[in-house]
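J.: predicted model, plus sequence, below.
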Amino acid sequence: MNSDIRLSIGFLDHPKTVKLQRHLGEAGVLSLLRLWLWAAQNRPSGILIGMDEDDIEIAARWEGEKGAFNAVATRLRFLDTLEGTYRIHNWTERNT
């Protein structure tokens, strides 16, 4: 299990993060960070095996409109899907 995650110093000003905040507010950014921290503890590969959209939003502690976090995070490529399984985009390159 990981004890930390790597976060780029430019994360908050990255265009993807700015778009996430525009669509979901600061709660969306906080939920993304919560999801990353949860994944470091529970899915260190970044592959969210056995998790559906509801499970991901629970792990992210998203309290907004159901499905909105997943939709925006996937559209902005914070989350990828492969054969029905969600993955955190570029997780292994950034959090080995």
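T.: Perfect, I can see it now.

J.: please make it C-alpha for all contacts and neighbour counts, starting now.
T.: Fine.

J.: tell me the pLDDT of the residue nearest the centre of the chain.
T.: For the chain, the residue whose C-alpha lies nearest the mean C-alpha position (C-alpha atoms, centre = their mean) is residue 32; its distance is 4.2 Å. On pLDDT, residue 32 comes in at 98.

J.: need the helices for the protein, in chain order.
T.: 15-42, 53-59, 68-75, 91-94 (DSSP state H).

J.: out of those helices, which gets nearest to residue 7?
T.: Evaluated over the helices of the chain, closeness to residue 7 peaks at helix 91-94, with 8.2 Å, by C-alpha to C-alpha.

J.: export the closest one as PDB, just CAs?
T.: Below are the C-alpha coordinates for helix 91-94, written out as PDB (Å, rounded to 0.1, in the frame of the first residue of the first chain):
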ATOM      1  CA  TRP A  91      -1.400   6.500 -13.000                       C
ATOM      2  CA  THR A  92       1.500   4.100 -13.300                       C
ATOM      3  CA  GLU A  93       3.700   6.700 -15.000                       C
ATOM      4  CA  ARG A  94       3.000   9.300 -12.200                       C
END
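
J.: pull the residues that contact that helix.
T.: Residues from elsewhere that reach helix 91-94 (C-alpha atoms under 8 Å, 6 or more residues apart in numbering): 6, 45, 46.

J.: surely the last one meets residue 38?
T.: Same thing as residue 46. No - with the criterion set as C-alpha atoms under 8 Å, residue 46 and residue 38 do not qualify as a contacting pair; they are 9.9 Å apart.
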